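A.B. asks: just coords:
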């Protein structure tokens, strides 16, 4: 008995050490980026792991970053935040409504419309990339916030996820509310939304991250400084500052911050959502 | 779904509300998915350009795409990426999931958070980081290389090293979420299976081969297909890290399509034909995932 218990705790110890090493390897690139962004220009590209921390902590890379007038960094951060936050809110609004209707309401053509919505999951972005550009161009949306926000709002996966969640909610309260004469919108608003925090958080953060991190679509559709997204300007810095790489690192570190903060706030929900998607 | 014969209020028809609630998403999907899709299907059979007229050319575009050396090169490249990334990533995340399962429960949440953080980072930021780490002049890897008494390596001038670094970056970004999916799969295997096997005198290897692997089959398939469809559409990493170089050895189909879109060398009909060919591969794979999810669900219910 003693022997198996010892063997068990040794195994736990080994697994813990392995997991912690992997965690460290996983975090190292991010930490290295942040630390290096505080080094002097001449030290940045003299990587020496024996001198992990900067000889002198300086903020010159950040100063240079904020001073860049060709691609104003803070402007890009603001514009990206505006797009990502409004897109996340709009996205959960329209997808949760659709999910609710497909889960709880009866109307003619429901099955067909459901299938049409879900079929879009099979259509990869690469296929409609060029013709989507033609569509937004003809709609006169190029170089607007709309072109950044609208195309990604409706998501078959999100509708599917919400519907699945609403299908599993009990009928009783809803029936009682209907008998009391509450409208469907009212029921959705005051019974379903308050009880569906998880899917809203999971789908909302998912949309936020997708919008915040997107590069290809903004690169195709906006060129006006006012609308530039943060990943676009980082890509430009990467070409401009090859000799002052600290600036690129500083920009990347700041651009990575909002996704990390959002993740840390909502991580319990996000991880749960991921686990569900893995099993179901 | 008929109007007659409903019994409870929840089964009544809600025509107007129903349509009102689905219309925003339907309109958006129609404008931003279906119209572009049908336009692509139509234009792929023409010599259409953004400006000017388009004439039907039959299957000419598809023939040209399939014969094009650069498109074939990009397909070859992306298949190498799939081969480099999928088996290694699956093995590593599967092993790591075991470590997560067996490790101390007190430190478990910390490890899960740590590996997950890189998954919320954008491809652009990840590229910047790994360009920095593998920098020729003063990257940390070249520092280590020189410590070993060797000359600096120009990582991005060698096709295989460049591909390898892009693959590593991509794996770093995906590692956390896939590990947690694997972990969820492992935790989902009933403990009673293992206990029963122990009663029968099975050793660790036997339990692993007879219980763990078969129980994880569906998770493996799901992860493999998701990884493959994602990798086939890889863009940000090679675009920023190598621009497709050296000599187009890291050019991916997505980059090929984007480059054609940017340049005026080919008609858009041609570019769209290439995009449709990619859909054939990716669509088949993702429909397979979806069917798998559905079949598992029906087993649960």
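C.D. replies: Received the coordinates, thanks. On a predicted model such as this, the values are computed, not experimentally measured, just so you know. Numbers count the residues shown, from 1 in each chain, chains lettered A, B, ... in the order given.
A.B. asks: Which residue ranges make up the domains of chain A?
C.D. replies: Split into domains by automatic domain parsing, chain A comes to A:2-59, A:62-279.
A.B. asks: Next up, the contacts around residue B:98.
C.D. replies: In this structure, residue B:98 makes contact with A:15, B:186, judged by Cβ atoms under 8 Å, 6 or more residues apart in numbering or on different chains. Just so you know, the C-beta spots here come from the backbone N, C-alpha and C atoms, and that holds for glycine as well.
A.B. asks: Repeat that for residue B:139.
C.D. replies: Contacts for residue B:139 were tallied using Cβ under 8 Å, 6+ apart; they are A:45, A:47, B:132-133.
A.B. asks: In helices, which of the residues you listed appear?
C.D. replies: Within these, residues falling in helices by DSSP state H are B:132-133.
A.B. asks: show me the contacts for residue B:93.
C.D. replies: B:175, B:178-179, B:181-182, B:223 are the contacts of residue B:93 under Cβ under 8 Å, 6+ apart.
A.B. asks: at 7 Å instead, please
C.D. replies: The neighbours of residue B:93, taking Cβ atoms under 7 Å, 6 or more residues apart in numbering or on different chains as the test, are B:175, B:178-179, B:182.
A.B. asks: Among those, name the ones in strands.
C.D. replies: Taking DSSP state E, every one of these sits outside strands.
A.B. asks: Write a ChimeraX command that selects only the buried members of those.
C.D. replies: In ChimeraX, this line selects whichever of the contacts of residue B:93 come out buried by 16 or more other Cβ atoms under 10 Å in any protein chain shown:
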select /B:175,178,179,182
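A.B. asks: how about a markdown table for the contacts of residue B:93, with pLDDT added?
C.D. replies: Listed next are those as a markdown table, based on pLDDT from 0 to 100:
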| residue | pLDDT |
| --- | --- |
| B:175 | 96 |
| B:178 | 93 |
| B:179 | 94 |
| B:182 | 93 |
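A.B. asks: can you tell me which of the contacts of residue B:93 are up against chain A?
C.D. replies: Taking Cβ under 7 Å from any Cβ of the partner chain as the test, chain A is in contact with residue B:175 out of these.
A.B. asks: Please tabulate the contacts of residue B:139 in JSON lines, including the columns distance to residue A:251.
C.D. replies: Output for the contacts of residue B:139, formatted as JSON lines (distance: Cβ to Cβ, whole Å):
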{"residue": "A:45", "distance to residue A:251": "16"}
{"residue": "A:47", "distance to residue A:251": "19"}
{"residue": "B:132", "distance to residue A:251": "12"}
{"residue": "B:133", "distance to residue A:251": "17"}
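A.B. asks: Save the contacts of residue B:139 as JSON lines, and put in distance to residue A:71, pLDDT and neighbour count too.
C.D. replies: Putting the contacts of residue B:139 into JSON lines (distance: Cβ to Cβ, whole Å; pLDDT from 0 to 100; neighbours: other Cβ atoms under 10 Å in any protein chain shown) gives the following:
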{"residue": "A:45", "distance to residue A:71": "22", "pLDDT": "82", "neighbour count": "20"}
{"residue": "A:47", "distance to residue A:71": "26", "pLDDT": "73", "neighbour count": "22"}
{"residue": "B:132", "distance to residue A:71": "19", "pLDDT": "94", "neighbour count": "24"}
{"residue": "B:133", "distance to residue A:71": "24", "pLDDT": "94", "neighbour count": "21"}
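A.B. asks: re the thing from before, return the member of the contacts of residue B:93 nearest to residue B:107.
C.D. replies: Using Cβ to Cβ, residue B:179 is the member of those that lies nearest residue B:107, at 15.1 Å.
A.B. asks: if we can go back for a sec, deepest-packed of the domains of chain A, please.
C.D. replies: Of the domains of chain A, the one with the most neighbours on average (mean count of other Cβ atoms under 10 Å in any protein chain shown) is domain A:62-279, at a mean of 19.
A.B. asks: The residue in the stretch 151-300 of chain B that chain A sits nearest to: how many residues sit nearby?
C.D. replies: Minimum separation of the stretch 151-300 of chain B from chain A (Cβ to the nearest Cβ) falls at residue B:181, amounting to 3.4 Å. When neighbours are counted by other Cβ atoms under 10 Å in any protein chain shown, residue B:181 registers 21.
A.B. asks: Next, the distance between the ends of stretch B:53-64.
C.D. replies: End-to-end distance of stretch B:53-64 (Cα to Cα, to the nearest Å): 20 Å.
A.B. asks: buried set for that stretch?
C.D. replies: Across stretch B:53-64, burial judged by 16+ other Cβ under 10 Å covers B:57, B:60-62, B:64.
A.B. asks: about what we covered before: I'd like the domains of chain A as CSV, with distance to residue B:150 appended.
C.D. replies: Formatted as CSV, the domains of chain A follow (distance: least, Cβ to Cβ, whole Å):
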stretch, distance to residue B:150
domain A:2-59, 16
domain A:62-279, 23
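A.B. asks: before we move on, the earlier item: what's the closest of the contacts of residue B:139 to residue B:231?
C.D. replies: Lowest distance from residue B:231 to the contacts of residue B:139 (Cβ to Cβ) belongs to residue B:133, with 21.3 Å.
A.B. asks: Show the contacting residues for the closest one.
C.D. replies: Residue B:133 sits next to A:29, A:32, B:139-141 when contact means Cβ under 7 Å, 6+ apart.
A.B. asks: what do you get for residue B:54?
C.D. replies: B:43, B:46-48, B:269.
A.B. asks: just curious, which of those is nearest to chain A?
C.D. replies: Using Cβ to the nearest Cβ, residue B:43 is the member of the contacts of residue B:54 that lies nearest chain A, at 7.0 Å.
A.B. asks: measure that closest one to residue B:264 for me?
C.D. replies: Remark: distance between residue B:43 and residue B:264 (Cβ to Cβ, to the nearest Å) = 16 Å.
A.B. asks: out of these two, which sits in the more crowded spot?
C.D. replies: Set residue B:43 next to residue B:264 and count neighbours by other Cβ under 10 Å: residue B:43 wins out with 24 against 11.
A.B. asks: anything in stretch A:259-277 sitting right up against chain B?
C.D. replies: Yes: interface with chain B: stretch A:259-277 contributes A:259-260, A:263, A:267, A:271, A:274-275 (Cβ under 7 Å from any Cβ).
A.B. asks: what's that stretch in contact with?
C.D. replies: Stretch A:259-277 is contacted by residues A:198, A:201-202, A:205, A:208-209, A:212-213, B:112-113, B:116-117, B:120-121, B:177, B:180-181, B:184 when judged by Cβ under 7 Å, 6+ apart.
A.B. asks: Just give me how far it sits from the chain centre.
C.D. replies: 10 Å (Cα atoms, centre = their mean, to the nearest Å).
A.B. asks: Also stretch B:109-126?
C.D. replies: Centroid displacement of stretch B:109-126 relative to its chain, using Cα atoms, centre = their mean, is 16 Å.
A.B. asks: hmm, who's touching that stretch?
C.D. replies: In contact with stretch B:109-126 (Cβ under 7 Å, 6+ apart) are residues A:19-20, A:22-23, A:26-27, A:30, A:209, A:213, A:215, A:231, A:234-235, A:252, A:255-256, A:259-260, A:263, A:267, A:271, B:100, B:103, B:169, B:172-177, B:179-180, B:236-237, B:240.
A.B. asks: Please consider this matter closed, and thank you.
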